[in-house]
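>>> sequence isn't available, so here's the structure alone:
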C-alpha cells in the first residue's frame, strides 16, 4: 500500500463510522453483483459482503474489534428487523393455524436432528469437546446461539462464525436441494430454510415468496426457543 494511502487508512480507522460505512458499501456492492447475476444462489449478497469485508480487514491489518465499533450499529438493527418479521407472518395466520400440528412436529424433529447430527459428524472428524459444544447451536440466530454456547461451555466467538457459515451455506444450497427432493410448497420450503439457516436463510426465503419468508421467520423464532431448551439436555447426555 502506498504511504499516503496507508496514512489515510490509519486516520480513517480511528473513526467508528468506518465499520458502518464499510459494511453498507460492501453489502451494496454484493447486492448489485447478485442482481447482475440474476440472483444466482452462489452469488448470495451476505456471503459476498462477508468475503469483501474480510479481505479489506486482512489487507489493511484492521482488528475486528476496531471494525465492530462501527458495525455494531448495523448489528443493533438485527433485533428490530427480527421483530418486523411478524408482519408477513400475520398475513399467513389462517394457513399457519391449519398447519400448526405438522409445523410443531417438524420443528421438534428438525431441532433435535440438527444438534445430534452435527455432534456425531464433528466427533467423527476429530473435533474437540469444546468445539462440539460450540457447534451444537449452529442453526439458530447468532445472539441466541452465542448465549447457548456460553452456557454449555462452548466458545461464543467460534459459535458466531459457525452460525454465519451455516446461514450462508443454507441460503445457497437449501432452495435447490428442496426442489430436488420434490418439496414445492412454499410454506414447507420456508419452514425448512428458516429452521436450518436462521436469519440469512429467511432473507433468501423472502426472495422465493412472501409465504416462504413468513414461514421461515416462524421457524427461525421457534427453533431458537426449542434449541435453547434441548441443547443443554442433549449435549449433557452426549458428553
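Yes, it's here. Just so we're clear, the structure is a prediction, and the values are computed from it rather than from any experiment.

>>> quick one: contacts of the helix or strand hosting residue 170?
In this structure, residue 170 sits in helix 156-180 according to DSSP states H and E. Residues external to helix 156-180 that are found in contact with it (CB atoms under 8 Å, 6 or more residues apart in numbering): 41-42, 44, 46-47, 50, 131, 134-135, 137-142, 145-150, 188-189, 192-193, 196-201, 203-204, 208. (Each C-beta comes from the backbone N, C-alpha and C, glycine too.)

>>> next step: those residues restricted to strands.
Among the contacts of helix 156-180, no member falls in strands (criterion: DSSP state E).

>>> Produce a PyMOL select command limited to the buried residues of those.
The following PyMOL line selects those of the contacts of helix 156-180 that are buried, judged by 16 or more other CB atoms under 10 Å:
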select buried, resi 44+46+47+50+131+134+135+137+138+139+140+141+142+145+146+147+148+149+188+189+192+193+196+197+198+199+200+201+203+204+208
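
>>> can you list the domains in this structure?
3-76, 83-238 (automatic domain parsing).

>>> could I get the average pLDDT for the longest one?
Here the mean pLDDT over domain 83-238 is 89, rounded to a whole number.

>>> starting at the chain centroid, how far to it?
Relative to its chain's centre, domain 83-238 lies at 9 Å (CA atoms, centre = their mean, to the nearest Å).

>>> now do that domain: distance from first to last residue.
34 Å (CA to CA, to the nearest Å).

>>> check the gap between the residue nearest to the spatial centre of the chain and residue 185 for me.
Per CA atoms, centre = their mean, the C-alpha nearest to the average position across the chain is that of residue 167, at 3.6 Å. Distance, residue 167 to residue 185, using CB to CB, to the nearest Å: 22 Å.

>>> for residue 208, same thing?
11 Å.

>>> looking at residue 57 now. What's its pLDDT?
On the pLDDT scale, residue 57 gets 87.

>>> sorry, back to before: okay, the domains of the chain, which one's buried deepest?
domain 83-238 (a mean of 19; mean count of other CB atoms under 10 Å).

>>> state which helix of the protein is the longest.
helix 210-238 (DSSP state H).

>>> packing partners for that helix?
Where contact means 3 or more CB pairs under 8 Å, 6 or more residues apart in numbering; DSSP states H and E, helix 210-238 is packed against helix 78-84, helix 86-91, helix 93-98, helix 100-124, helix 129-135, helix 142-152, helix 186-208.

>>> and residue 219, which of those is closest to it?
With CB to CB as the criterion, residue 219 lies closest to helix 186-208 of these, at 3.4 Å.
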